[in-house]
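A.B. asks: Okay, structure incoming, though there's no sequence with it:
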């Protein structure tokens, strides 16, 4: 049977920083992955710590192959106020603020819906699967 | 006087620790298909005569950590011994259907995908065991990817010295300046692991990196 790849609807869920601020790392990652698993795209105010990003990848990989049609995630962190800063400055900036700077925005979605998040310092493009 | 004695004692203890550490664990990290194994192979071949692992155009060819111990690199009369640790490429998604484009049947593709996901988890776990890391990026690709940022961010958090390599500079599409402008605070060196281009400069950079450990 041919797979129906047509997207019927698309939900973008905004998560304010205050909604994850008090959560522990594991809970934060679980909350984000639960939303992604329900087929939604997340726009998160703030960013995860580098260690949390690594754990997010680990947890994502543990789910691929175990959850039907889940192929992983697409992820990008942008900082509208820091377009001119290097990526490393942004990494350091992120680390300096413990849980991620509120002026950053994290975009995250299921790989089955979001094909690619293309980013260069000046623009961000979200490419969708057909 | 007492301070001097204490200081000398600490110095002796610490120099003892570093003298005792004969081999540095040098990790090769990066996204899939950037050329980590090609570079690790080049180094191992140059200094031991043997390669480390298989390379392929199919992504996620390396799905298990593979390493070679006691790789002695000689540069300008100085010798350093490394444990070369080649890691599976880190990605945020694995789609077995992508592997089927490389003439694999569904079962083979699914098996490869499963091993690839396990390999990524292993790569991340091994970060803590590295003394220094070479992040290998494909110089023909956009360096502004979250995976690259996450890898380097984790190395910074663990205070592990980093050298960034822009591989595949032999290809027309390669743009090393883009890699350099993405990571201006790090030493970036352009090489072609496949053809051995710029390896002398690379080894010089590796020795500089080892000094930071």
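C.D. replies: Thanks, I have it. Note that the structure is predicted; figures quoted are calculated from it, not measured. Numbering: from 1, shown residues only, chains lettered A, B, ... in the order given.
A.B. asks: which residue is nearest the middle of the chain?
C.D. replies: I went with chain A, as the question did not name one. Centroid-nearest residue in chain A, with CA atoms, centre = their mean: residue A:108, separated by 2.5 Å.
A.B. asks: My question was about chain B, not that one.
C.D. replies: Relative to the mean C-alpha position of chain B, the nearest C-alpha, by CA atoms, centre = their mean, is the one of residue B:28, at 1.5 Å.
A.B. asks: Pull the contacting residues for that one.
C.D. replies: Going by CB atoms under 8 Å, 6 or more residues apart in numbering or on different chains, residue B:28 touches B:36-37, B:39-40, B:84-87, B:133-134, B:136. All C-beta spots, glycine's among them, are computed from the backbone N, C-alpha and C.
A.B. asks: In three-state terms, label it for me.
C.D. replies: strand (DSSP: H, G, I helix; E, B strand; the rest coil).
A.B. asks: what about it, distance to residue B:161?
C.D. replies: Relative to residue B:161, residue B:28 is positioned 14 Å away (CB to CB, to the nearest Å).
A.B. asks: Please identify every residue contacting each of these two.
C.D. replies: What both residue B:28 and residue B:161 touch, as defined by CB under 8 Å, 6+ apart, is the set residue B:133.
A.B. asks: Phi and psi next, for residue B:108.
C.D. replies: Torsion angles at residue B:108 (phi, psi; degrees, to the nearest 10) stand at phi -60, psi -40.
A.B. asks: now swap in the one 10 residues further on and tell me
C.D. replies: Main-chain torsions, residue B:118, degrees, to the nearest 10: phi -70, psi -40.
A.B. asks: burial measure for it, as a count.
C.D. replies: Around residue B:118 there are 16 other residues, counting by other CB atoms under 10 Å in any protein chain shown.
A.B. asks: just to revisit the earlier point, among the contacts of residue B:28, which one has the most neighbours?
C.D. replies: residue B:36 (32 neighbours).
A.B. asks: wait, what's in contact with the closest residue to chain B within chain A?
C.D. replies: Here chain A gets closest to chain B at one residue, residue A:72, 2.8 Å apart by CB to the nearest CB. Residues in contact with residue A:72 (CB under 8 Å, 6+ apart) are A:60-61, A:64, A:110-111, B:91-95.
A.B. asks: Of those residues, which count as buried by neighbour count?
C.D. replies: Among those, the ones that count as buried by 16 or more other CB atoms under 10 Å in any protein chain shown are A:60-61, A:64, A:110-111, B:91-94.
A.B. asks: Mind checking which of those are in strands?
C.D. replies: residue A:110 (DSSP state E).
A.B. asks: any idea which of the buried ones among the contacts of residue A:72 is closest to residue B:206?
C.D. replies: Distance ranking of the buried ones among the contacts of residue A:72 against residue B:206, using CB to CB, places residue B:91 first at 25.8 Å.
A.B. asks: so how many other residues sit close to the residue nearest to the closest one when sequence neighbours are not counted?
C.D. replies: Distance criterion CB to CB, 6 or more residues apart in numbering or on different chains; nearest residue to residue B:91, sequence neighbours excluded, is residue B:32 at 5.7 Å. Residue B:32 has 21 neighbours, counted by other CB under 10 Å.
A.B. asks: Done for today, thanks.
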